[in-house]
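> For reference, the sequence and a predicted model appear below.
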Amino acid sequence: MSEITPLSKTELLKEIDTVELAQVLAERLAIAPQDWHRLKANRQAQAGQQLGAALVFLLKNQPQEALLRLHQATGWLDRSISAPPCPTHGEKK
């Protein structure tokens, strides 16, 4: 009787579709709404979020959407763009 051994992380990752891997990465890089204020000016976090999304669009054969996100990431890194104002500021409750 042969013994069943658990798969290593690398072996598990090889079993997952490339698009699924990119989606997981994009989810991890996404800035959660509760973290927006803290990370709104964090250029690395903002660029990472855009690059993760760009990769997903590229792998889903949507090059125009990928390019848009890539330009956004570049803008964060070269400081040509900044965070928009908070969407909830100025709202009357």
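Cool, got the structure.
> Determine the longest helix present in the chain.
Longest helix in the chain, counting residues (DSSP state H): helix 43-59.
> can you count the residues close to the residue lying closest to residue 77 once chain neighbours are set aside?
Once flanking residues are discounted, residue 77 sits nearest to residue 47: 5.1 Å by Cβ to Cβ, 6 or more residues apart in numbering. For glycine as for every other residue, the C-beta is placed from the backbone atoms N, C-alpha and C. Close neighbours of residue 47, defined as other Cβ atoms under 10 Å, add up to 20.
> count of neighbours near residue 71?
Neighbourhood size, residue 71 [other Cβ under 10 Å]: 14.
> What are the contacting residues of the helix or strand encompassing it?
Using DSSP states H and E, residue 71 maps to helix 63-77. For helix 63-77, the surrounding residues in contact (Cβ atoms under 8 Å, 6 or more residues apart in numbering) are 43, 46-48, 50-51, 53-55, 57-58, 80-81.
> Narrow those to those that are buried.
43, 46, 47, 48, 50, 51, 53, 54, 55, 57, 58, 81 (16 or more other Cβ atoms under 10 Å).
> TSV please, covering the residues you listed and showing pLDDT and distance to residue 15.
What follows is the buried ones among the contacts of helix 63-77, written out as TSV (pLDDT from 0 to 100; distance: Cβ to Cβ, whole Å):
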residue	pLDDT	distance to residue 15
43	97	35
46	97	32
47	98	30
48	98	25
50	98	28
51	98	24
53	98	24
54	98	25
55	98	19
57	98	23
58	98	22
81	95	38
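> and which of the residues you listed is nearest to residue 17?
residue 55 (13.4 Å; Cβ to Cβ).
> If you drop the residues flanking it in sequence, what lies closest to the closest one?
residue 22 (4.7 Å).
> burial of that neighbour, as a residue count?
So residue 22, with other Cβ under 10 Å, has 19 neighbours.
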